[in-house]
Every structure is written in C-alpha cells, then in structure tokens.
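K.L.:
Sharing a sequence plus its predicted fold:
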Amino acid sequence: MPKLTKKQKDFAHEFISTGNGTQSALKAYDTDNPRVASVIAAENLVKPNVREYIESHAPDAAARIVQLSISAQNETVRLNANRDILDRAGYKPVEKSVTLNLNADAKDIANPKAAEVTEEYHEKLRKTFEQ
C-alpha cells in the first residue's frame, strides 16, 4: 500500500466516492478556493502513489456502485449508480446540444448541417400536419 499523507488519503477517499477532484480537494485541504482546489486535485491525480492508492480501491468502489444500481430503495440512487457505471464504461452521453429555430427558413441558415437538419424537421412537420 503506497504511503500517503493524511490529506492525500482524505482526498483519495473523497475522490473514490465522488469522482470530482476539485470537490475532493475542497473537503480534504485547507482551502475554500475552487481554483486552488482544482490545482491541488490535478497535482494529486498525477502522483503515482495517490493514483496507485485510488486504483487499489477501485474494485470495491465499483462493486458498491453495482450493488446500489441493483438494490437501492431510492429510484434516483439506482439511476445515478447506473449512469455512473455507463460513464465509467465509456458510454457517457454527449454534453453538447444544438438549438434550432424552426421558424427560420433553411436557406437563411449559414451552417450547412444546421440548414439540412432544419429542412428535415420542416419536412417532417409538413407531413405530420398533412395527415
């Protein structure tokens, strides 16, 4: 087991629980500044002894998440556990969105892909209301 300071160990335990480095550093270190905490987290997460400690606890954390996804009484807890499993497996949803103005005429839209999507939606709407 790698040697860690008390603050590093507190950080690692919090990081295992939350997966959020900045929040973990805010709780484990003597700072309330998110920028400082972010730097501390980044530094900790590249230290071999901290990484090794976190990785040595990963199977237990994963098992707890799986157990929550199966048996938690609260539906929100089960949902969040399942989201976490999917996220860690590489199935995190895309966090980018596009807003289209369907009142606009597709030929007036500069972005060709947006114009194409707008035209597709206009066509679907026309077909829907013609039926």
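P.N.:
Okay, I see it.

K.L.:
so what are the domain limits for this protein?
P.N.:
Per automatic domain parsing, the structural domains of the chain span 6-88, 98-131.

K.L.:
Let's have these in JSON lines, adding mean neighbour count.
P.N.:
Using the backbone N, CA and C atoms, a C-beta is placed for each residue, glycine as well. Output for the domains of the chain, formatted as JSON lines (neighbours: other Cβ atoms under 10 Å):
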{"stretch": "domain 6-88", "mean neighbour count": "15"}
{"stretch": "domain 98-131", "mean neighbour count": "11"}
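
K.L.:
The ones you listed: lowest mean pLDDT?
P.N.:
If you rank the domains of the chain by mean pLDDT, domain 98-131 sits at the bottom with a mean of 76.

K.L.:
Following the chain onward from whatever helix or strand Thr22 lives in, which element is next?
P.N.:
Using DSSP states H and E, the element containing Thr22 is helix 21-28. With elements assigned by DSSP H and E, the helix or strand that comes after helix 21-28 is helix 34-46.
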